[in-house]
Every structure is written in C-alpha cells, then in structure tokens.
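Visitor: 3D model of this:
(2 chains)
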Number of protein chains: 2
Amino acid sequence: MLTAAVTLFNEQGYDATSVSDLAVRLGLTKSAMYHHFSSKEQLLEMALGEALDGLEGVLALPEAQSGTASERLHFVLRAATQVLLDRLPYVTLLLRVRGNSDVERRALERRRAFDHQMASLVREAQAAGSVRPDVDSAIVTRLIFGMLNSTIEWYRPTGPIDRDALTHDILTVAFDGISPR
Amino acid sequence: MLTAAVTLFNEQGYDATSVSDLAVRLGLTKSAMYHHFSSKEQLLEMALGEALDGLEGVLALPEAQSGTASERLHFVLRAATQVLLDRLPYVTLLLRVRGNSDVERRALERRRAFDHQMASLVREAQAAGSVRPDVDSAIVTRLIFGMLNSTIEWYRPTGPIDRDALTHDILTVAFDGISPR
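Guide: As a prediction, the model looks like this:
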C-alpha cells in the first residue's frame, strides 16, 4: 500500500492526491483503506521515513564512523548512492518536499541535518588533505548530492542503464572527474 | 513583464498562474496586459526561449566549433554554466517543463537536441583520449548536467555564494573530481 501511495504521490503530486484516488488505484474501498492507516499524511510520513532512515542509516554504520576521513567519505557516498537507487520512489518524494506541513517540515529538518553531516565529513577530509584545497567543501557537497539526486529524473531500475555502471560513474565523477589521470 | 511572469511561474507553477495573477503582481489591468502579449502561453514560449536560445547559442559560438574536442568541451561546459547562472529563472522554468502543451513539447525537443549534442561532444572527447575511457559518455553527460542544473535549487545571485567560486567548483568536480591530483 505504501508503494502504491508513493507511486501516486510522485505521479500527480502529494497535494493533488486524495485518499479516494489511492483507493481507486488499489481497488479498495476508502473504509478498507482506513483500516490500515489513519490519514494521507501518515502515509507521507512513512514514505519520507523510508528515504530518511536509509540515508541516516548510512551515517550510523560502523564504516561511516571509523577509519580516515577519506575512507569514511568514500564509504558514505557509495552507500548513499545505493540507498538512493534502492529507494528511488521514496527519495524522489523526499526531494520534492517543500515544507507545506509539519510532516514535511520535519522531513526537511532531517534532510538538512544529513546534508550538514555530509558537508562536515567533506570538510574533515579536506583538512586531512584528501579533498583538494581549492574547492569550497559546502559547495562541492551540494554539487555532488545534486548530481546524485538528479538521477531520479532519468534512472529507472527496469531501464537500459546498468546500476553498477551508474554507481561507478557517479563515484568516478565525484572523486576523479572525467579527465584522464 | 517577462521577468515578473517567470518569477510568478516559478513561485506557484505555470499551470496554477493566471493572467489575472500576473496583472495583480504588475499592478496592471488585464486589458493593459493584453496590449503587450496575446496569451499566457506566449509568455511561457518567450521565457523558455530565453533559456534555450542561451544554451543553443553556446554551441553556435566559434570556440564551440573549432579546436580539439577537449578544448570545445571545456569551453562549452564553462559557457553553459554562465548561461545557467545568468538566466537562472528562465532555466529553472525550463527544467520544470513536463510537456503538457505544444509549447512545452517543442521546448523539451530543443532541450533533448542540446543534450544529444553535449553527449556527442563528450563521446568525441572520449574517443580522442581526453575523457577517461572507463565511464559511459551518455551517463556522465547526464550526471554533469544534473550537477549543474541542481544549482537552481540553492544558488541565488544575491546570496552569499560567490558566482566565480561556484563556476570554478562545478568545472573542477566535472573535470577533475574532489580528490587531489
């Protein structure tokens, strides 16, 4: 049911989707649906949680907490890419949230906290000499996540693009760029 | 008037914006407005043209047409970044177009043609050995433009981020990545 809800929210927008639309999509009555959840907003909260729990979970893994800043940064970027590709519809929904309700504002708050932790990891790696000194750590963190997040526009798990090739190319551009070494 | 229209389209969505909304914003009557343009769609077409003419104009410049593939690619990415930052509201509008009308579909068609020309320039540079061989030219073209386009979410010309620093960091990530050489 959550999968169907998220698909519909992404197709026509959360605000424009009613519980009735969702009931039609699932072939259920509205009262059968309310047996499973109490409001449309609860579905939104669960869906955004799938994306945020995944991203925050990456930072909680042992490999994100020990090792050099460079090792942690490589691990975290690879793992965050996997979360994005594994939970594409949930992350897509998260990236479209604009803060129109308490649920959305809490999600934005968690997303900002994740972004800050990423930026401070990049800053730490830069201080340790494993990120080039001539870039701004906050800007490149945004650029790398902008690149990563942009895949929601065109990557489809059932499409022609190989997931491992995509992961490789994302990490290659982020760390090494397209110029040959 | 075009600037005001684009600002409003970006704030509340093109479909949700009426000519009356625009008249209120400009402090004009609707009939005074129709003295200047014939329909809301004409404003959309002009606005999308600002973005597309800018991007296509880059490919038409002499520096985009002579020199090595590597020189042309560096020139074109830098110049496309400048178009994006110069025409931020217009490019923002372009990136949100979903193809809901003939005007939108023609804009998407022009955008796709630009993307194809970029991908073939990357492929040409790769064949010449100036793009690393272990990445997919079509994927990295999308990733680099994904990164570039993501700046519309957070870069503001009047904000704290320096435009030259941003341009430098975009081109650095694209060509060299964040790892020190």
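
Visitor: Say whether chain B is contacted by the lengthiest helix in chain A.
Guide: Selection of the longest helix in chain A by residue count, based on DSSP state H, yields helix A:102-127. Yes - contact of helix A:102-127 with chain B (CB under 8 Å from any CB of the partner chain) involves A:V122. Every residue, glycine included, has its C-beta placed from N, CA and C.

Visitor: tell me which residues in the helix or strand following that helix are buried?
Guide: Per DSSP states H and E, the first helix or strand lying C-terminal to helix A:102-127 is helix A:137-150. Within helix A:137-150, the residues that count as buried by 16 or more other CB atoms under 10 Å in any protein chain shown are A:137-150.

Visitor: Which members of those additionally contact chain B?
Guide: Restricting the buried residues of helix A:137-150 to those touching chain B (CB under 8 Å from any CB) yields A:I139, A:V140, A:R142, A:L143, A:I144, A:F145, A:G146, A:M147, A:N149, A:S150.

Visitor: Going by neighbour count, list what's buried in the worst-scoring helix or strand of chain A on mean pLDDT.
Guide: Each helix and strand of chain A was given a mean pLDDT (mean pLDDT, DSSP states H and E); the minimum falls on helix A:30-34 at a mean of 88. Neighbour counts over helix A:30-34 (16+ other CB under 10 Å) mark A:M33 as buried.

Visitor: list the helices and strands the very next helix or strand once past it packs on?
Guide: Where DSSP H and E defines the elements, the next helix or strand beyond helix A:30-34 is helix A:40-60. Under the contact definition 3 or more CB pairs under 8 Å, 6 or more residues apart in numbering or on different chains; DSSP states H and E, helix A:40-60 sits against helix A:2-12, helix A:19-26, helix A:69-86, helix A:88-96, helix A:102-127.

Visitor: Contacts made by helix A:40-60 with the rest, please.
Guide: A:1-2, A:5-6, A:9, A:14, A:17-19, A:22, A:37, A:64, A:76, A:79-80, A:83, A:86-87, A:90-91, A:93-94, A:97, A:101, A:103-104, A:107, A:110-111, A:114, A:117 (CB atoms under 8 Å, 6 or more residues apart in numbering or on different chains).

Visitor: which of the residues you listed are buried?
Guide: Here, 16+ other CB under 10 Å leaves A:5-6, A:9, A:14, A:17, A:22, A:37, A:64, A:76, A:79-80, A:83, A:87, A:90-91, A:93-94, A:97, A:103-104, A:107, A:110-111, A:114, A:117 buried among the contacts of helix A:40-60.

Visitor: Relative to the whole chain's centre, how far out is stretch A:165-179?
Guide: Its chain's average C-alpha position is 18 Å from that of stretch A:165-179, according to CA atoms, centre = their mean, to the nearest Å.

Visitor: Which of the ones next to chain B among the buried residues of helix A:137-150 sits closest to A:K30?
Guide: Nearest to A:K30 among those: A:N149, at 34.2 Å, using CB to CB.

Visitor: Return the residues in contact with that closest one.
Guide: For A:N149, the contact set (CB under 8 Å, 6+ apart) comprises A:L84, A:V91, A:L95, B:G146, B:S150.

Visitor: Save those residues as CSV, and put in distance to B:L48 and pLDDT too.
Guide: CSV is the format used below for these (distance: CB to CB, whole Å; pLDDT from 0 to 100):
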residue, distance to B:L48, pLDDT
A:L84, 29, 98
A:V91, 28, 98
A:L95, 23, 96
B:G146, 20, 98
B:S150, 20, 97
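
Visitor: Between those residues, which sits nearest A:D162?
Guide: A:L84 (15.6 Å).

Visitor: give me every residue that touches the closest one.
Guide: By CB under 8 Å, 6+ apart, the residues touching A:L84 are A:V91, A:L148, A:N149, A:T151, A:I152.

Visitor: what number of residues lie near the last one?
Guide: By the measure other CB atoms under 10 Å in any protein chain shown, the count of residues near A:I152 is 20.

Visitor: And the residue nearest to it when sequence neighbours are not counted, how far from A:L59?
Guide: Excluding the flanking residues, the one nearest A:I152 by CB to CB, 6 or more residues apart in numbering or on different chains is A:T92, at 4.6 Å. Distance, A:T92 to A:L59, using CB to CB, to the nearest Å: 21 Å.

Visitor: Looking at the two, which one has more neighbours?
Guide: Comparing A:T92 with A:L59 by other CB under 10 Å, the one with more neighbours is A:T92, at 20 against 17.
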